[in-house]
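# Let me see the structure of the following:
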Amino acid sequence: MSKPWSKILSRVEDPTTALNRRHFMKGGTVGAASIAFGAMASKPAAAGWGGFGGGYGPLSPKRDRSTGLYLLALPDGFEYMSFGWTGQTMDDGRPTPTDHDGMAVVARKGRYVVLVRNHELSAGTGNPCLVEGGIYNPAEYGGTTNLVFDQVAKQFVGSWTSLGGTIRNCAGGPTPWASWISCEETFHAWNGRADGYNHGYIFDVPGFGVSDGQPIRSAGRFSHEAVAVDPRTGIVYETEDEGRSAFYRYIPPSAATTRLVDGGRLEALVVVGAPRMDLRGGFDVGDTFSVTWQEVGDPEGMSGRAFDSAPDAAVFERGEGCWYDSGLIYFVSTSGGAASLGQIWVYDPEALTVSLLFEARTSDEVDSPDNLCVSPRGGIVMCEDGDSDPQRLVGLSLAGETFDLAQNLIDLAPGDLEIIDSVFPGTAANFWDDAVDVYTGQEWAGATFHGYWLFANIQTPGVTFAITGPWWRGAL
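Coordinates of the predicted model:
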């Protein structure tokens, strides 16, 4: 039986390639590198922020090009299409799982780019992620699906399951070797599960293909959220979604070329001269700290949390989104800051410093940012996961200004699911819930740029969007 991605790409003759090194180091996008953020990281207080402007103007409801429904509010001049609805039949014949979460563009082949998308599922919830040869624990439902987007036709053209048998695949990150690192956001006592499987690992998922279903155990076992890979060193930076959490790095035993190698060393970030420094609040934007790294003594959590076996590690509050761009690692503390509304930190591997880049003071700015990505021109897109209704994609300019980029308006009325199913067969038959519901308070996830397209998910009811417009008018 031919593989689904082979069918999708049968018209393309040139070989599959990773997003090349130069492309990856510019954030996987077309455009200028984020030079202003680079300056900010080295001398934040003195350099200030400058560059492109702020937002794109007021938002208003816009019609989905795929279904004709009004699902998002966007600035004038922007448009979007939906794809990958929960239940939609994929090219491997399986229904699309629900709970769409982290995602990124990871590889390309000719006119096509492929995204890998997480599904934050546990056993018994929604459609399970099932794939031959790519199952870790047959009892669990979580995993990943891959989506192919045709840049010439400007449309999605296919999808398939690429990893299964995992728990709560929340976020992850793209790699320079054309794959996605998928993270399990879970932790339990060592060998505390009746089925004998331990969870809380990361998995390497190829852009064109399926995972082997094997975890990278030495990268740690904890409530993983997201990762960012430095293409110059192959080091994988990892966030931990716990109230008291560390920021980690995994140093592989050898350079990765086709997949991440197990057997390396896990370390946690430590502020020089300040063991267990609490960075969860009480700081100003621009505050910068010299850091070092401490080896984690119990990376698999055999006698407790990995966090406890790095006794000097700095403390963050719910580490979530993580992104590499132009030599810097950006990561989110979702509940950090004086108002507990979120912080963005930036780590400079060359200077060995960590700086507070942004802190939300009011929920009007942003309420609990989760996933994030850096745009082609250096702005940041934050996926909101707080109490806002509607939930928003929020932009952050190089001048430190926030602005609304998109709002979730999904409010499915009687008959809407049938409209979606007429475009994406299988949706109605395999939908996880009663479609007549208001989903405007459900979180955004998986924002990722490629060229003139911003791809993003809304976790529930589970749908992926491709958004485009006059990016040059603002900060992104």
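
# Please tell me the pLDDT value assigned to the nearest residue to A313 once chain neighbours are set aside.
Closest residue to A313 apart from its sequence neighbours, by Cβ to Cβ, 6 or more residues apart in numbering: A268 at 3.7 Å. Heads up, the C-betas are built off the backbone N, CA and C, glycines and all. Turning to A268, the model gives it a pLDDT of 98.

# Repeat that for the one 10 residues further on.
We note a pLDDT of 98 for D278 in this prediction.

# List the beta-bridge partners for it.
Bridge pairing for D278 (DSSP bridges) gives the partners V315.

# That one contacts S333, doesn't it?
No: assessed by Cβ atoms under 8 Å, D278 is found out of contact with S333, at 11.3 Å.

# the strands in the stretch 251-400 of the chain, which residues?
265-271, 288-295, 319-325, 328-333, 343-348, 353-359, 369-374, 380-384, 392-396 (DSSP state E, counting those that start in this stretch).

# Over to the stretch 101-250 of the chain?
Under DSSP E, counting those that start in this stretch, the stretch 101-250 of the chain gives strands at 112-119, 142-150, 155-166, 169-174, 179-184, 202-206, 224-229, 236-240, 247-251.

# So for the first one, mean pLDDT?
It stands for strand 112-119. 98.

# ditto for the fourth one
Across strand 169-174, pLDDT averages out at 98.

# How much space separates the closest residue to G102 other than its chain neighbours from Q88?
The shortest distance from G102 to any non-neighbouring residue, by Cβ to Cβ, 6+ apart, is to A171 (3.1 Å). Applying Cβ to Cβ, to the nearest Å, the value for A171 to Q88 is 22 Å.

# So for those two, which residue has more residues nearby?
Higher neighbour count among A171 and Q88: A171, with 30 against 24, using other Cβ atoms under 10 Å.

# quick revisit: with neighbour numbers in mind, choose between D278 and S333.
Ranked by neighbour count (other Cβ under 10 Å), D278 and S333 place S333 first, with 27 against 13.

# Per-residue pLDDT of T257, please?
pLDDT recorded at T257 is 81.

# show me the residues around the closest residue to it other than its chain neighbours that make contact.
Closest residue to T257 apart from its sequence neighbours, by Cβ to Cβ, 6+ apart: W177 at 6.0 Å. By Cβ atoms under 8 Å, 6 or more residues apart in numbering, the contact set of W177 is 18, 256-259.

# and of these, the nearest to G297?
Minimum distance to G297 across these is 24.7 Å, recorded for A256 (Cβ to Cβ).

# what's the spacing between the closest one and G304?
Separation of A256 from G304 (Cβ to Cβ): 30 Å.

# So which of those two has more stuff around it?
With neighbours defined as other Cβ under 10 Å, A256 and G304 compare such that A256 has more, 17 against 11.

# tell me the contacts of that one?
So A256 contacts 175-177, 234 (Cβ under 8 Å, 6+ apart).

# Highest neighbour count among the residues you listed?
T175 leads the contacts of A256 on contacts (other Cβ under 10 Å) with 29 neighbours.

# Show the model's pLDDT score for the closest residue to that one other than its chain neighbours.
Of all residues not flanking T175 in the chain, V229 sits nearest, at 4.9 Å (Cβ to Cβ, 6+ apart). Note on V229: pLDDT of 98.

# V229 pairs with what?
Under the criterion DSSP bridges, V229 forms beta bridges with V236.

# Tell me how many other residues crowd it.
25.

# Touching, it and S179? I think so.
No: between V229 and S179 there is no contact under Cβ under 8 Å: 9.6 Å.

# Low-confidence ranges, this protein, go.
Low-confidence segments of the chain (pLDDT under 70): 1-3, 5, 9-53.

# Run through the helices of the chain in chain order.
For the chain, the helices defined by DSSP state H cover 4-8, 21-25, 35-42, 44-47, 416-423, 427-430.

# Okay, D284 and A338: tell me how far apart.
10 Å.

# got it, and D308?
Taken as Cβ to Cβ, the span from D308 to A338 is 27 Å.

# cool, E401 as well?
To A338, E401 is 19 Å away according to Cβ to Cβ.

# Now do the contacts for the closest residue to E359 other than its chain neighbours.
In space, not counting the residues next to it along the chain, E359 is nearest to G337; the distance is 4.3 Å by Cβ to Cβ, 6+ apart. By Cβ under 8 Å, 6+ apart, the contact list for G337 reads 280-281, 343, 359-361.

# so how far does stretch 305-313 reach from one end to the other?
Taking Cα to Cα, to the nearest Å, stretch 305-313 runs 13 Å from one end to the other.

# go on, stretch 443-462?
10 Å.

# Can you list the buried residues in that stretch?
443-462 (16 or more other Cβ atoms under 10 Å).

# now do stretch 406-415
So for stretch 406-415, counting by 16+ other Cβ under 10 Å, buried means 406-410, 412.

# and the closest residue to H224 other than its chain neighbours, how many neighbours?
Computed as Cβ to Cβ, 6+ apart, the closest residue to H224 that is not its neighbour in sequence is C183, at 3.5 Å. Other residues within reach of C183, judged by other Cβ under 10 Å, total 32.

# In the sheet, which residues pair with the closest residue to T448 other than its chain neighbours? Tell me.
The shortest distance from T448 to any non-neighbouring residue, by Cβ to Cβ, 6+ apart, is to A104 (4.4 Å). Counting by DSSP bridges, A104 is bridged to V116.

# from memory P414 sits against V436, does it?
Yes: between P414 and V436 there is a contact under Cβ under 8 Å: 5.5 Å.

# my guess is G134 meets T166, correct?
No: using Cβ under 8 Å, G134 is not in contact with T166; the gap is 9.9 Å.

# more neighbours, the two?
Set G134 next to T166 and count neighbours by other Cβ under 10 Å: T166 wins out with 33 against 24.

# check contacts around the closest residue to that one other than its chain neighbours.
Nearest residue to T166, sequence neighbours excluded (Cβ to Cβ, 6+ apart): G142, at 4.2 Å. Counting by Cβ under 8 Å, 6+ apart, G142 makes contact with 118-122, 129, 164-169, 184.

# go with 7 Å
119-122, 129, 166-169 (Cβ atoms under 7 Å, 6 or more residues apart in numbering).

# hmm, which of those are the buried ones?
Using 16+ other Cβ under 10 Å, the buried members of the contacts of G142 are 119-121, 129, 166-169.
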